[in-house]
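Colleague: Below: sequence and its predicted model.
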Amino acid sequence: MTKTALVTGAEGFIGSHMVKFLESKGWNVIGSHAADLSLTCKSPNVKFVSCDLRNGQRVSQIIQGHQPTHIFHLAAQSLPTVSWTDPVRTFESNIMGSLYLFEAVRHMKRRPVVVSACSSAEYGHVPESAIPVKEGQPLKPLHPYGISKVCLDLLAREYFLDYEIPAVNVRLFNTTGPGKTNDAPSDFVRQLVAIQKGKQAPVIEVGNLKPHRAFLDVKDTVRGFYLAAMKGKRGEAYNLCAARTHRMSDVLKTAIRLSGVKAEVRPVARLMRPSDERIIFGSTEKMRRDTGWKPLMSLDQTLKSMLDYWDAAA
């Protein structure tokens, strides 16, 4: 039987890669996207539909109309900074939108597997003694975005316990790759490409380069979501994180080496955050044990693919 997936947030960074991955597997894919966008695809197995998750009637209409066997719930207001300035919209999108989705699934005769994109932001500040952080770590988010993801995490678990909806939660740590914006690696790469093309002086502006981060390649990310759907234990939450951390200065050095560009590195105040965790790193022991997943892409491969992407896009 052919599998049909609904991917919410199909216009987003991870969502767009998820659609392509599932299409390559021969799945039928319904990609829902923000109502003010228009997406098209030449593949007969992929269809895009507009859906504002805050519209419960529209959410129900799409789910009932397409009867997906799997839902990859990736749509969200995903920026912590925006969640501080507009917590109401963040909660409406991330909490109420998710509630509408699970309510629609609850009324289906054949309930799909629902894999929800949760976040490492749910943990908040973690003591270094608890790193790499495991799924049992207390959830103490530091901003409205993190709170909204805790709500999604608990909501999915409740619908599993009360209505036997086969839900799996993926707590995603730093992920990057071709098409990513608003993170340090993409900022490094885009500046290097601009310097290479003569559009920027040979100076790279940076923020704090001391923290350690584990950047997961988006290819490993979408494969993780897929394996969570196929093999993850229902009602459980799984960390999804790269296998090792890199000091941000080393990430920059690697990007510079791969680009072949010579440039001055200049720290600037506007890119410095009020506070930065020294290290963000999650244990994936549970994910590896239950699904067999492990990351396959190296940092070099990830940064090279990002350089190629932005070179072609520039």
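Modeller: Looks like it came in fine.
Colleague: Quick one: the strands in the chain, in order.
Modeller: Ranges of strands in the chain, per DSSP state E, are 4-8, 28-33, 46-50, 70-73, 113-119, 167-172, 175-176, 203-206, 212-213, 216-217, 237-240, 246-247, 264-267, 279-280.
Colleague: Name the strands paired with the fourth one and say parallel or antiparallel.
Modeller: It stands for strand 70-73. strand 4-8 (parallel), strand 113-119 (parallel) (DSSP bridges).
Colleague: starting at the chain centroid, how far to the last one?
Modeller: Centroid separation between strand 113-119 and its chain, computed with Cα atoms, centre = their mean, to the nearest Å, is 10 Å.
Colleague: per-residue confidence averaged over that strand?
Modeller: Summarised as a single mean, pLDDT over strand 113-119 is 98.
Colleague: do stretch 291-302 as well
Modeller: Confidence over stretch 291-302 (mean pLDDT, whole number) is 98.
Colleague: residues touching the closest residue to Arg157 other than its chain neighbours, list them.
Modeller: With Cβ to Cβ, 6 or more residues apart in numbering as the criterion, Arg157 has its nearest non-adjacent residue at 5.8 Å, and that residue is Gly235. (Glycine included, C-beta is placed from N, CA and C.) By Cβ atoms under 8 Å, 6 or more residues apart in numbering, the residues touching Gly235 are 157, 160-161, 167-168.
Colleague: hmm, which of those residues are the buried ones?
Modeller: Taking 16 or more other Cβ atoms under 10 Å as the criterion, what is buried in those is 157, 160, 167-168.
Colleague: From Met1, how far off is Lys42?
Modeller: For Lys42, the distance to Met1 equals 25 Å [Cβ to Cβ, to the nearest Å].
Colleague: Looking at the closest residue to Thr302 other than its chain neighbours now. What's its pLDDT?
Modeller: Distances taken as Cβ to Cβ, 6+ apart put Asp217 closest to Thr302, at 4.4 Å, once the chain neighbours are dropped. Predicted confidence (pLDDT) for Asp217: 98.
Colleague: Touching, Asp217 and Lys304? I think so.
Modeller: No - Asp217 is beyond contact range of Lys304, at 10.8 Å (criterion: Cβ atoms under 8 Å).
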